[in-house]
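# fold the following, please.
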Amino acid sequence: MNDSVYVGKAGKDAALDRGWLLGHFKDEGDPRHSEDVEIKWGVHPPGNARRQWVKGEHRTALLVLISGRFRVELPGRSVLLEEQGDYVVWGRGVDHSWVAEEESVVLTVRWPSVPGYAVPE
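Got it, this is the predicted structure:
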């Protein structure tokens with residue numbers, strides 16, 4: 001066994017940690033722990049939305065639509081991801097929010113992995 005290797009299933013593993021597969025929030029020593037990058041397998045029912053905008057963003061983000069119809073709200077711009085593989089990237093300092101217009105699966109990659117952006121449950 002190699003402790004620096006982890007093999008999993010995105011759907012099953014994502015359900016354990018609000019969709020997040022990799023990032024600072026995984027335990028030290030877990031190969032999925034990273035302060036450099038965060039990866040999320042987001043499964044969103046229709047109408048699921050971020051409850052508040054992320055403001056003062058310190059990360060760069062990439063969202064890739066796997067399935068469904070997903071809208072990302074950015075200052076002065078609304079981006080609709082509707083075909084598999086559609087994606088949007090934004091840099092540091094860009095506030096954002098989102099809503100799933102249909103049941104959607106979205107792969108999110110953010111860097112660096114920075115604590116403090118979770119919306120309280």
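# drop to CA atoms for contacts and neighbour counts, all remaining ones
Will do.
# and the strands in the protein?
All strands of the chain, identified by DSSP state E, fall at 20-22, 38-44, 60-67, 70-74, 77-81, 87-90, 97-100, 104-111.
# please name the nearest non-neighbouring residue to L62.
V89 (4.4 Å; CA to CA, 6 or more residues apart in numbering).
# wait, that neighbour sits on A61?
Yes. At 5.5 Å, V89 and A61 qualify as touching, with contact defined as CA atoms under 8 Å.
# higher neighbour count, those two?
For V89 versus A61, the count of surrounding residues by other CA atoms under 10 Å is larger for A61: 20 against 12.
# for E102, see how far away the closest residue to that one other than its chain neighbours is.
Among residues not flanking A61 along the chain, R110 sits closest, at 4.3 Å (CA to CA, 6+ apart). Distance of R110 to E102, given as CA to CA, to the nearest Å: 23 Å.
# which one's more surrounded, these two?
R110 (21 against 17).
# list the contacts of that one.
Counting by CA atoms under 8 Å, 6 or more residues apart in numbering, R110 touches 37-39, 59-62.
# where does pLDDT dip in the protein?
By pLDDT under 70, the low-scoring segments of the chain are 1-2, 117-121.
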